[in-house]
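> I would like the atomic coordinates for the input below:
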Amino acid sequence: MDKEELYNKGAELYENERYAEALEILSEAYRKCPDDVDTIVLLAGCYINIAHFTEAARLLLDADKLDSKNPMIKYNLGYTLLCMGRVNDAMGCMEKCLRLNPEAEIKKMAKRMINSRKHFSKKLENNYNIPLEEEFECEEKFSLAQKHLYNKQFDKAIALYECILEKKPNFHRAMQNIGVCYIQDGKPKEALKYFERELSISPNDNLCFGNLAHANYLLGDYDKSKEYSEKSMKHVNKPLLRDLFRLITLFIEIEQFEFARELLSRYGGVHDNNQLTFLSGVLYAKKKEYLAAKEEFQSIRKYSKDAMEYFEKAKAMADGKIKDYNFEAKIAFDLSEDMI
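As a prediction, this is how the structure comes out:
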C-alpha cells in the first residue's frame, strides 16, 4: 500500500478504537513519509490511547516543528505533557494554542485546562519535574525493562525500573512492574511491597488491585485476594489491551474464573484478539469444559504452536484419552512492543 492507503486504513482502525492495529499501519506510513503532519498527529493519537505518552510527545514535538501555527497540535501536545505530569510545560502549550485562535471547541478545552491548573498542580505535586530529555531517557529505559520482563530476565528489568525510580520516585508503572517481576520470580512477599506503594499513588488503579489480589493469593490470604479482585473489577473501564491480558491471566491464576469470563465477555468482542481467544480457551479448560476449550483453540491453532498444542490436549481430554493436563494462562502469540 502507498502512504495514502496506509493513512486511510490507519484512520479507519483508529476511528474503530483499534489503536494497536492502527499504530502498526500508521507507523509504516510514517516511515514512508516522516514529514506528513496528519500521519504524525494520528500516530501520536494512537500512542496517547495506549498510554504511551512520552512517545506521543516526541511525535507531536516533531509535528509542531513542521506546522508551528497549528493550534490542534499545540493542544494535543499540552494534553500529552499533562498526562506525563509536566504541568508547567502543558500549560505553556495551552497558552500558545489559545494565541493561535483555535476553533471554538479547542478553545473551550484549552481554557478549561488552564483554569484547572491549580487542581493539576496539587494532584501532581509529587511528580519530579525533570528535563524533558531525561523524561525521554526514562521512557527508553522503561521500554527496555519491559522487554527484559517479557523475556523473564527479572534482575535486569528490576535494575532498570529502580534506575527510573531514582529520577521519578512516584512513577507508578515502574513500581507495578517491579512487583510483577517478583511475582513471576516466585517472590510474592517482595512484590506486595511495591503493589502497596503503587496503590498509595494510584488509589483507583484496577490493575494494581488485581496485582494485590494475585500477591495475596500466592501468600495464602484468600479472603484479602477476593476483596482486591472485587475492587479491581469495580474500577475496570475500557482497559488497555495489555492490561486486559494481565487482568484475565491473573484472575485465571488465582481461580477467580467468574471475573476472568466477565472481562472476556465484556471486552473480547471489542478487541477481537487471538490472545484473548487463547485465554478464553484456557479458562474453559480450567473449568473442565473441554469441548468449548477445543473450539476456541481450534479457531486460532494455525497461528500459534501453543494454541495447536492446547487444541490437541483439549481434544484428548474431551475424548477421555488423557486424564490431566496443565493449561497455563500465558502469552501464546508474538505481541507488538506496545502490548508487552
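> which helix or which strand is home to residue 80?
Residue 80 is part of helix 71-83, with elements assigned from DSSP states H and E.
> pull out the buried residues from that helix.
Under the neighbour-count criterion of 16 or more other Cβ atoms under 10 Å, helix 71-83 has 71, 73-82 buried. From N, CA and C alone the C-beta is placed, and that goes for glycine too.
> as a whole number, average confidence for that helix?
Average pLDDT, helix 71-83: 95.
> show me what the next helix or strand after it is packed against.
Of the helices and strands lying after helix 71-83 in sequence (DSSP H and E), the nearest is helix 87-99. On a contact count with 3 or more Cβ pairs under 8 Å, 6 or more residues apart in numbering; DSSP states H and E, helix 87-99 meets helix 71-83, helix 104-115, helix 117-123.
> relative to helix 71-83, how tilted is the second one?
Okay, so that is helix 104-115. On the basis of axes from the mean of the first three to the mean of the last three Cα atoms, to 10 degrees, helix 104-115 is oriented at 30 degrees to helix 71-83.
> could you give the average pLDDT over helix 104-115?
94.
> from the chain's centre, how far out does it sit?
Taking the mean of its C-alpha atoms, helix 104-115 sits 28 Å from the chain's own mean (Cα atoms, centre = their mean, to the nearest Å).
> now do residue 337, the pLDDT please.
Reported pLDDT for residue 337: 48.
> can you check residue 269 too?
On the pLDDT scale, residue 269 is placed at 69.
> look up how far residue 328 lies from the closest residue to residue 49 other than its chain neighbours.
In space, and not counting its chain neighbours, residue 49 is closest to residue 19: 4.4 Å by Cβ to Cβ, 6 or more residues apart in numbering. Separation of residue 19 from residue 328 (Cβ to Cβ, to the nearest Å) stands at 28 Å.
> tell me where the stretch 201-340 of the chain has helices.
Taking DSSP state H, counting those that start in this stretch as the test, the helices found in the stretch 201-340 of the chain are 206-218, 222-235, 241-253, 257-271, 274-286, 290-300, 305-318.
> report the buried residues of the fourth one.
Residues of helix 257-271 classed as buried: 259-261, 263-264, 267-268, 271 (neighbour count, 16+ other Cβ under 10 Å).
> so which of the helices and strands packed on helix 87-99 gets nearest residue 46?
Checking these against residue 46 by Cβ to Cβ gives helix 71-83 as the closest, at 12.1 Å.
> quick one: contacts of that closest one?
By Cβ atoms under 8 Å, 6 or more residues apart in numbering, the surrounding residues in contact with helix 71-83 are 37, 41, 44-45, 48, 51, 53, 56-57, 60-61, 63-64, 67, 89-94, 96-98, 100-103, 106, 109-110, 113, 120.
> can you list the weak-confidence ranges in the stretch 201-340 of the chain?
269-272, 335-340 (pLDDT under 70).
> about what we covered before: can I get the helices and strands packed on helix 87-99 in TSV with distance to residue 220?
Formatted as TSV, the helices and strands packed on helix 87-99 follow (distance: least, Cβ to Cβ, whole Å):
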stretch	distance to residue 220
helix 71-83	38
helix 104-115	47
helix 117-123	37
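> which one of the ones you listed lies closest to residue 180?
The minimum distance between residue 180 and these falls on helix 71-83, with 22.1 Å, by Cβ to Cβ.
> would you put the C-alpha positions of the closest one in PDB?
Extracted in PDB, the C-alpha atoms of helix 71-83 (Å, rounded to 0.1, in the frame of the first residue of the first chain):
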ATOM      1  CA  PRO A  71      -3.400  25.100  17.400                       C
ATOM      2  CA  MET A  72      -4.600  21.500  17.500                       C
ATOM      3  CA  ILE A  73      -1.100  20.200  17.600                       C
ATOM      4  CA  LYS A  74      -0.300  22.600  20.500                       C
ATOM      5  CA  TYR A  75      -3.400  21.400  22.300                       C
ATOM      6  CA  ASN A  76      -2.600  17.700  21.800                       C
ATOM      7  CA  LEU A  77       1.000  18.300  22.900                       C
ATOM      8  CA  GLY A  78      -0.200  20.100  26.000                       C
ATOM      9  CA  TYR A  79      -2.600  17.300  26.900                       C
ATOM     10  CA  THR A  80       0.100  14.700  26.400                       C
ATOM     11  CA  LEU A  81       2.600  16.600  28.600                       C
ATOM     12  CA  LEU A  82      -0.100  16.900  31.200                       C
ATOM     13  CA  CYS A  83      -0.600  13.200  31.200                       C
END
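> what's the angle from it to helix 87-99?
160 degrees.
> ok, and the closest non-adjacent residue to residue 161?
Counting by Cβ to Cβ, 6+ apart, the residue nearest residue 161 is residue 174, at 4.3 Å.
> higher neighbour count, residue 19 and residue 328?
Under the neighbour definition other Cβ atoms under 10 Å, residue 19 and residue 328 were set side by side, and residue 19 has more, 21 against 14.
> so what's that one up against?
Shown in contact with residue 19 (Cβ under 8 Å, 6+ apart): 13, 46, 49-50.
> just residue 10 next, same as before
Neighbour list for residue 10: 22-23, 25-26, 29, 39, 42-43, 46 [criterion: Cβ under 8 Å, 6+ apart].
> ok, back up a step: just among the contacts of residue 19, which is most surrounded?
When neighbours are taken as other Cβ under 10 Å, the top entry among these is residue 46 (26 neighbours).
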